[in-house]
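Visitor: no FASTA, just this:
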DNA sequence: CGCATCCTTGATGTCAATCAATCTTAGTGG
DNA sequence: CCACTAAGATTGATTGACATCAAGGATGCG
């Protein structure tokens, strides 16, 4: 199956707030900035639990995951990162990173050193607002994720995951309906707090119902409305309520 | 059953970073500060989803919960707040609050207006560091919570919840082994993503095993080690592994 | 090619949600 | 003060969603 789709997670003119800030406020030291760029490969770690905090990283290309480790050595993925995302904010507290960040593919990052952050915060109101808003936004996302983990069924979790990914790619100027998953099924399962077999089964179920088309890492969303419905009302369990409730589109349908 | 225990969640000389910051950096406008204090009662809302963001609140006494609402009207509690906690950081993004904060008992809060925040950030490095660290710490807590919701069994969730509460009260100068729960069973269940009946059953089970003593809102932890073990290795399901793994105490035992 | 990683699919077991009934506590008004 | 009500909490019985166990197929790299 050779479908034409865009290469994923390439460098793009990152329109993230933080990125804009740096460019706007510090046009002079672009050379210095470029020096702080670094390239990593799949399975490389950007930093690990306990590592000294140097500053915030901005992901320029590729993708990554962050996870923390429980006492018994189990890992739990808390977030996937895509170009433009800030990575490593968790390190301000105690100057140590609380989780590990590992790349899912060849990626490049740019470091904003802590000293830079402090000076930018005081000198640039754009940067300050950007940082506060980014953090604030992250907190809101975390809340949504907690709700998802705590109350959604496996099918709802996966539907939400796909819709979120879709939005994520759309925001980055890529197709929101056809993309490559840069993470394994194991990663997805871990992230959503379910068994890998369940992920597989629900993907199969979605495919059978013509909601998605999935072939290993390649994924295409065929029926956004169905996914949306699935998040609002679990398809399998309560078919009776699906008629009484109007479909509320949380996500734009492309 | 009339046991002597401290009144909970009273005003205390809040030692939170943010609090210290304000006092240290703005000793002049204490009068003004006091004007921004407000008192609320049980079931009152500090703000609701969509409300305009005015600034960050610091909880001075009492307790509160924050929750967001899904499309079908279901609520999900994302956090409980105790004196010294910052409330409302989620509002920076878009100047609107993304969740509702509601009080669990009579409480008082102090507002740090957005304009104040901006000026404090630029003028006071103590405040700046405090804010960044507090946010960073919150992110780390969120990660831990996600891990809990995603991978822990109900018993582990509840054990962790109790231990976290214990630490929370200890940090605030109250007893970490004997305290009042200011939230209902329903709130606890909602927060941990489980059924209220399960909460009740596990409380009963803990009590039977002499791990805790619980009488409605009153709770006393008798066996910290057991709770710790429970978090590390689920007591019921895998008794065979409990011998091979040494007990690693995440929480200090009081 | 051969090995390791990743993914899929079926059979079985179990944890916890749900349903249902009862009891307790707290709040209200006569 | 006590009846009355509503909210909160407990306990038991049943069911279902999902994890686990087990086996096999696909993919990709050295």
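Guide: Structure's in. What do you need? Just so you know, these numbers come straight off a predicted model, no measurement behind them.
Visitor: ok now the longest helix along chain A, how far from the chain's centre?
Guide: With DSSP state H setting the assignment, residue counts place helix A:125-151 as the longest helix in chain A. Distance, stretch centre to chain centre, for helix A:125-151: 12 Å (CA atoms, centre = their mean, to the nearest Å).
Visitor: Give me the buried positions along that helix.
Guide: Using 16 or more other CB atoms under 10 Å in any protein chain shown as the burial criterion, the residues of helix A:125-151 that qualify are A:127-128, A:130-151. The C-beta positions use only the backbone N, C-alpha and C, and glycine is treated the same way.
Visitor: Can that helix be said to contact chain B?
Guide: Yes - with CB under 8 Å from any CB of the partner chain as the measure, helix A:125-151 is seen reaching chain B through A:125, A:128-129, A:132-140, A:142-147, A:149-151.
Visitor: likewise stretch A:198-211?
Guide: No - using CB under 8 Å from any CB, we find that stretch A:198-211 stays clear of chain B, coming within 12.9 Å at best.
Visitor: name the helices or strands packed onto the longest helix of chain A?
Guide: With contacts defined as 3 or more CB pairs under 8 Å, 6 or more residues apart in numbering or on different chains; DSSP states H and E, helix A:125-151 has these neighbours: helix A:17-25, helix A:114-123, helix A:154-171, strand B:64-69, strand B:75-81, helix B:114-123, helix B:125-151, helix B:185-192.
Visitor: any idea which of the ones you listed is most buried?
Guide: Highest mean neighbour count of the helices and strands packed on helix A:125-151: strand B:75-81, a mean of 22 (counted as mean count of other CB atoms under 10 Å in any protein chain shown).
Visitor: Quick one: name the residues of chain A near DNA strand C.
Guide: A:184-186, A:196-197, A:199-201, A:203-204, A:214, A:216-217 (CB under 7 Å from any atom of the strand).
Visitor: which ones among those are found in helices?
Guide: Those of those mapping onto helices are A:185, A:186, A:196, A:197, A:199, A:200, A:201, A:203, A:204, per DSSP H.
Visitor: Need the three-state assignment for residue A:110.
Guide: strand (DSSP: H, G, I helix; E, B strand; the rest coil).
Visitor: who touches stretch A:42-52?
Guide: A:40, A:57, A:64, A:68-69, A:87-88, A:91, A:95-106, A:109 (CB atoms under 8 Å, 6 or more residues apart in numbering or on different chains).
Visitor: okay, now the domains of chain A?
Guide: Listed by automatic domain parsing, the domain ranges of chain A are A:17-148, A:152-244.
Visitor: So is the longest one next to DNA strand D?
Guide: What it means is domain A:17-148. No - if you take CB under 7 Å from any atom of the strand as the test, domain A:17-148 misses DNA strand D, and the best it gets is 9.5 Å.
Visitor: For the residue nearest to residue A:75 when sequence neighbours are not counted, give the beta-bridge partners.
Guide: Spatially, and ignoring its direct neighbours in sequence, residue A:75 is nearest to residue A:67 (4.7 Å; CB to CB, 6 or more residues apart in numbering or on different chains). According to DSSP bridges, the partner residues bridging residue A:67 are residue A:77, residue A:100.
Visitor: Next one: residue A:67 from residue A:45, what distance?
Guide: Using CB to CB, to the nearest Å, residue A:67 is found at 10 Å from residue A:45.
Visitor: and for these two, which residues touch both?
Guide: The contact lists of residue A:67 and residue A:45 share A:100, A:102, where a contact means CB under 8 Å, 6+ apart.
Visitor: Correct me if wrong: the residue nearest to residue A:75 contacts residue A:104.
Guide: No - Residue A:67 is not in contact with residue A:104 according to CB atoms under 8 Å; the separation is 11.7 Å.
Visitor: Quick one: name the residues of the stretch 1-150 of chain A near chain B.
Guide: For the stretch 1-150 of chain A, the residues in contact with chain B (CB under 8 Å from any CB) are A:66, A:68, A:70-72, A:74, A:76, A:78, A:89-94, A:98-99, A:118, A:121-122, A:125, A:128-129, A:132-140, A:142-147, A:149-150.
Visitor: give me that answer again for 7 Å
Guide: Neighbours of chain B within the stretch 1-150 of chain A, by CB under 7 Å from any CB of the partner chain: A:68, A:70-72, A:74, A:76, A:78, A:89-93, A:98-99, A:121-122, A:128, A:132-133, A:135-140, A:142-143, A:145-147, A:149-150.
Visitor: What score does the residue in the stretch 1-150 of chain A that DNA strand C sits nearest to have for pLDDT?
Guide: Nearest residue of the stretch 1-150 of chain A to DNA strand C: residue A:43, at 8.5 Å (CB to the nearest atom of the strand). On the pLDDT scale, residue A:43 is placed at 92.
Visitor: what kind of secondary structure is it in?
Guide: Of the three states, residue A:43 takes coil according to three-state DSSP.
Visitor: residues near it, how many?
Guide: A count of nearby residues for residue A:43, using other CB atoms under 10 Å in any protein chain shown, gives 9.
Visitor: Please tell me how far residue A:123 sits from residue A:116.
Guide: Counting by CB to CB - residue A:123 and residue A:116 are separated by 10 Å.
Visitor: you'd agree residue A:145 is up against residue B:147?
Guide: No - using CB atoms under 7 Å as the test, residue A:145 is too far from residue B:147 to be in contact (11.3 Å).
Visitor: can you list the weak-confidence ranges in chain A?
Guide: By pLDDT under 70, the weakly predicted segments of chain A are A:1-35, A:233-254.
Visitor: For residue A:81, name its beta-bridge partners.
Guide: Note on residue A:81: beta-bridge partners by DSSP bridges are residue A:64.
Visitor: hang on, the earlier thing: what about burial for the contacts of stretch A:42-52, which qualify?
Guide: Counted by 16+ other CB under 10 Å, the contacts of stretch A:42-52 give A:40, A:57, A:64, A:68, A:87-88, A:91, A:97-105, A:109 as buried.
Visitor: ok, back up a step: and of the ones in helices among the residues of chain A next to DNA strand C, the nearest to DNA strand D?
Guide: Using CB to the nearest atom of the strand, residue A:197 is the member of those that lies nearest DNA strand D, at 3.9 Å.
Visitor: residues near the closest one, how many?
Guide: Counted by other CB under 10 Å, the residues lying close to residue A:197 total 10.
Visitor: And it, how close does it get to residue B:86?
Guide: According to CB to CB, residue A:197 and residue B:86 sit 41 Å apart.
Visitor: try residue A:147
Guide: As judged by CB to CB, residue A:147 and residue B:86 stand 21 Å apart.
Visitor: just residue A:158 next, same as before
Guide: Counting by CB to CB, the gap between residue A:158 and residue B:86 amounts to 34 Å.
Visitor: which residues touch residue A:210?
Guide: By CB atoms under 7 Å, 6 or more residues apart in numbering or on different chains, the contact list for residue A:210 reads A:222, A:223.
Visitor: Residue A:39 belongs to a strand, doesn't it?
Guide: Yes - residue state for residue A:39 (three-state DSSP) corresponds to a strand.
Visitor: can you pull up the bridge partners for the residue nearest to it when sequence neighbours are not counted?
Guide: Spatial nearest neighbour of residue A:39, chain neighbours left out: residue A:108 (4.8 Å); criterion: CB to CB, 6+ apart. Counting by DSSP bridges, residue A:108 forms beta bridges with residue A:39, residue A:61.
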